[in-house]
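A.B. asks: I would like to see how this sequence folds:
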Amino acid sequence: MPIKFCPHRCIRTAFIGLVIAAVLFLFIGILFYKCCSSEPKIDCDEPRLSAPASVSSSACIDVYGSVSGDIIPGSRVNLFEVSSTEFSVVMEEIRTQRPIEWSIVDERKRYGFMCLSGGDYASVIPASSYNRSVGAPLPEEPADGSLFVDIAFQGGDWQYAVGAFSINESCRQA
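C.D. replies: Predicted coordinates for the structure are as follows:
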């Protein structure tokens, strides 16, 4: 008795398996690349949780950023000063504190905060401000004089899209 061979069903199953394996391999490769190829953070000799003592209280930097995802133009980005850029701390503090400032997202998905001094911050957009896909607000990483912006994370939860960052004194030698 000859063996029945179902080429269409077997080929379709093999193709789906191959596609799933390729997507999984690509995803793992992207994660590995992001984790292992990022620049090391610049650390000064002493850890700082607030504005550095050597930076005058009048030193500040303008922080501009953009929003990924399908944001509704005119949505509000709230800025919170947080005690740490650790994910759990940020997510708790944005729920229990009031924002210190806010900005409006323009039609190019851009926003800005003027004259921020050294410290840890979180820019937050409610998930209800998006049409479909949600993406966190992410500041640019400019260096301006003695201060620079260092991005801690971009993420959030079902309720908020969050971009956490620090403004620190530059440790770079000119």
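A.B. asks: Report how many residues lie close to the residue nearest to I72 when sequence neighbours are not counted.
C.D. replies: Sequence neighbours aside, S129 is the residue nearest to I72 in space, at 5.5 Å (criterion: C-beta to C-beta, 6 or more residues apart in numbering). Where C-beta positions appear, they are placed from N, C-alpha and C, glycine not excepted. If you count neighbours by other C-beta atoms under 10 Å, S129 ends up with 20.
A.B. asks: Quick one, grab the pLDDT at S129.
C.D. replies: pLDDT for S129: 94.
A.B. asks: wait, isn't it in contact with P73?
C.D. replies: No: when contacts are counted by C-beta atoms under 8 Å, S129 is not listed as touching P73 (10.0 Å).
A.B. asks: between these two, what contacts are shared?
C.D. replies: Contact criterion C-beta atoms under 8 Å, 6 or more residues apart in numbering; residues shared by S129 and P73: V105.
A.B. asks: ok, which stretches of this protein are helices?
C.D. replies: In the chain, the helices defined using DSSP state H lie at 7-36, 87-96.
A.B. asks: Lowest average confidence across these, which one?
C.D. replies: Among the helices of the chain, helix 7-36 carries the lowest mean pLDDT, a mean of 64.
A.B. asks: Just give the number of residues close to L147.
C.D. replies: L147, neighbours per other C-beta under 10 Å, totals 21.
A.B. asks: was I right about it contacting I167?
C.D. replies: Yes: look at L147 against I167 with C-beta under 8 Å: they come within range, at 5.6 Å.
A.B. asks: Please enumerate the shared neighbours of the two.
C.D. replies: Residues touching both L147 and I167 (C-beta under 8 Å, 6+ apart): I61, G118.
A.B. asks: Next, work out how far apart F153 and L138 are.
C.D. replies: Distance, F153 to L138, by C-beta to C-beta, to the nearest Å: 10 Å.
A.B. asks: Then Y130?
C.D. replies: Y130 is 15 Å from L138, by C-beta to C-beta.
A.B. asks: Next: I61.
C.D. replies: According to C-beta to C-beta, I61 and L138 sit 16 Å apart.
A.B. asks: just R132 next, same as before
C.D. replies: 19 Å.
A.B. asks: Comparing these two, which shows the higher neighbour count?
C.D. replies: Higher neighbour count among R132 and L138: L138, with 19 against 6, using other C-beta under 10 Å.
A.B. asks: so that one sits right up against G69, yeah?
C.D. replies: No: when contacts are counted by C-beta under 8 Å, L138 is not listed as touching G69 (10.7 Å).
A.B. asks: Quick one: low-confidence residue ranges for this structure.
C.D. replies: 1-11, 23-58, 143-144, 171-174 (pLDDT under 70).
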